[in-house]
Every structure is written in structure tokens, then in C-alpha cells.
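*Asks:* Following is a predicted model, sequence given first.
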Amino acid sequence: MEIMIVGFFLGIIGFGFFSYGRKQQAPVPLCVGIALFALPYFIKNIPLLIASGISLMVLPIVLRNRW
């Protein structure tokens, strides 16, 4: 049950990244959004899922500051 809740919230956040990346034609947020959609299908460990989701959400910020 908890994995469904975490997956639901990651899906909502992933949809936001996907929509932003599509409108701005930015490939990094678009790919992060797709990855956040798919992440709960591959990772069933809740702490690892949360840590992976947070690291994916931080990735566009880190890459934007490096360029």
C-alpha cells in the first residue's frame, strides 16, 4: 500500500517535470519526468525508491548550474 502512495506522488512530480520539459523543449526535465513515471515499476524497496526519486528531482538543478 505504501509503495502505491509513493509511486503516486512520484508520478505527479514526474508529470510536472515532463510537462515543463515538453513546453520548454528542455531534454533533461523531460527525461527526468519519464524516469519518475517508470521508477516505481522497477524499484520495490520504499527507502531506495524515495532516495532515487529525490536524486532524480535534484538532477536538473545540478546540471543547470554546471552549464
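*Replies:* Yep, that arrived.
*Asks:* How about the helix or strand where residue 60 lies, which residues are buried there?
*Replies:* In this structure, residue 60 sits in helix 46-66 according to DSSP states H and E. Along helix 46-66, these residues count as buried under the neighbour rule (16 or more other Cβ atoms under 10 Å): 49, 52, 53, 56, 57, 59, 60. No exception for glycine: its C-beta is placed from N, CA and C like everyone else's.
*Asks:* Check the average confidence over that helix, would you?
*Replies:* The average pLDDT for helix 46-66 rounds to 92.
*Asks:* And it, what does it pack against?
*Replies:* helix 2-24, helix 27-42 (3 or more Cβ pairs under 8 Å, 6 or more residues apart in numbering; DSSP states H and E).
*Asks:* Could you check the angle it makes with helix 27-42?
*Replies:* Using axes from the mean of the first three to the mean of the last three Cα atoms, to 10 degrees, the inter-axis angle of helix 46-66 relative to helix 27-42 is 170 degrees.
*Asks:* Run the chain-centre distance for helix 46-66.
*Replies:* Helix 46-66 sits 7 Å away from the centroid of its parent chain (Cα atoms, centre = their mean, to the nearest Å).
*Asks:* got it, and stretch 21-34?
*Replies:* For stretch 21-34, the distance to the chain centre is 11 Å (Cα atoms, centre = their mean).
*Asks:* Thanks a lot, catch you later.
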